[in-house]
Structure formats: structure tokens, C-alpha cells
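1. Structure for this input, please:
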Amino acid sequence: TKSRTKRKYVKVEDTPADERQWYENLYYSFNARMNNRGEDRSGKSSYTRSMDLSSSLSGSQKLMGWLVAEPSLKLNEGFEASSKNDPDKRYKRSDNMSARMGLGTTFYGMFAPRIGSISALRHVVNPKISYSYGLRRSFAGEDFGAFYRLDENDLSNGRTNSVTLSLRNIFQAKLLEGEE
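-> Residues are numbered from 1 along each chain as shown. Reported below is the predicted structural model:
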């Protein structure tokens, strides 16, 4: 006789976030936008062609059962060819790279003040801290090779560093209804 094992497949969305494997909490996004614009004014024609690409990778992991870590990486790239620009800057490439790490948690407090129709109050506190680092680069040239140049980047837009602190406070009330 043959026996078959019946397998049960579970969607990732149906599994609570704290019970998922680390790789089930990774998210990826990719977007592309292309634009081709031409003008003809008084017999003089011009064009602008551009392409923007953006991608991101992020995740959310619970550490030690109470601390939530949220890392993310983002890359945005832009390519443009335009007859409107100076001839030595007709082709432009720019990119923006950033990395972020956020840490946060949630605390709950309950008490029953018995004030009027309020039977219970819940206090929810969400402290968060995050660090971000970003790098912006650009290069312009007179030929199509400007799109491939990574050795001579203009870092005039520079680097960015930021630390963000936030504290979210929520008070929720349970109200008595009728005669209790």
C-alpha cells in the first residue's frame, strides 16, 4: 500500500509577525519611470529623455521579545539626456543611496480610575530611535559615457547623517454603557 503525507501550506500573511522566520519579514520594492519629452518652438526642436529607478529592501525583526529592529536600504538612480543643457553637461547621472536602522518598543499601562463613565484607561507608549546615513552623487558629461562614470562623482550634495528620536503617547478609555 502507498501512503501519502498531506502537507499544509500556510500563507506568510496568516502567520503572526513574531512567529515568522527572519526571512519572511523582508520586503523588497522596485519602481521604474521613463519619460520622453520633445518640443518644437519656432522651428527649433529640443528633447529631454529621462529614466528614474528606485529600489528598497527593508525588514522588521523582534529581538529579545520586546525590541523591534527595522533596518532598510534604498537606492534611487536617475539618468537624463537633454538637448536643453549645456553641451558639456548634456548627459547626467545621479544617485541617492541611504541606509537606516530603527529601534523601538511598546509599553502598556492599565488603571481603573472610575471617573464618570470611564471604567478603565490604557496608556500606550512607543519610544523609537533611528539612525540614517545617505550619500548623493552626480556626474554630467558631453557624451553617453557619463551614465557609466562612477570614478569622478560630484559629491557637492554630499553625505547626510541623522538621528531621530520619537515618543508616541496614546490614552485609550473604556466607557461604561447602560447601568453597570
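2. When you work out contacts or count neighbours from here on, use the C-alpha atoms and nothing else.
-> OK.
3. which stretches of this protein form strands?
-> For the chain, applying DSSP state E gives strands covering 26-41, 44-59, 61-63, 67-82, 91-104, 107-111, 118-141, 159-175.
4. quick one: which of the ones you listed is nearest E19?
-> strand 61-63 (9.7 Å; Cα to Cα).
5. buried stuff in the closest one?
-> Residues of strand 61-63 classed as buried: Q61, K62 (neighbour count, 16 or more other Cα atoms under 10 Å).
6. before we move on, what about stretch 75-87?
-> Buried residues in stretch 75-87 (16+ other Cα under 10 Å): L75, N76, E77, G78, F79, E80, A81, S82.
7. Pull up the per-residue confidence for the nearest residue to S138 once chain neighbours are set aside.
-> For S138, ignoring the flanking residues on the chain, the nearest one in space by Cα to Cα, 6 or more residues apart in numbering is S94 at 4.0 Å. If you check S94, the pLDDT there is 85.
8. hmm, back to that, with respect to T48, which of the buried residues of stretch 75-87 is nearest?
-> In terms of Cα to Cα, no member of those lies closer to T48 than S82, at 4.2 Å.
9. In contact with the closest residue to the closest one other than its chain neighbours: list those residues for me.
-> Setting aside the residues directly before and after it, S82 is nearest to T48 in space (Cα to Cα, 6+ apart), at 4.2 Å. When the contact criterion is Cα atoms under 8 Å, 6 or more residues apart in numbering, the partners of T48 are N35, N36, R37, G38, E80, A81, S82, S83, K84.
10. Make a markdown table from the buried residues of stretch 75-87 and add distance to D52 and pLDDT to it.
-> Below are the buried residues of stretch 75-87 laid out as a markdown table (distance: Cα to Cα, whole Å; pLDDT from 0 to 100):
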| residue | distance to D52 | pLDDT |
| --- | --- | --- |
| L75 | 11 | 94 |
| N76 | 7 | 93 |
| E77 | 6 | 90 |
| G78 | 4 | 90 |
| F79 | 6 | 88 |
| E80 | 9 | 88 |
| A81 | 12 | 87 |
| S82 | 15 | 86 |
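11. All set now, cheers.
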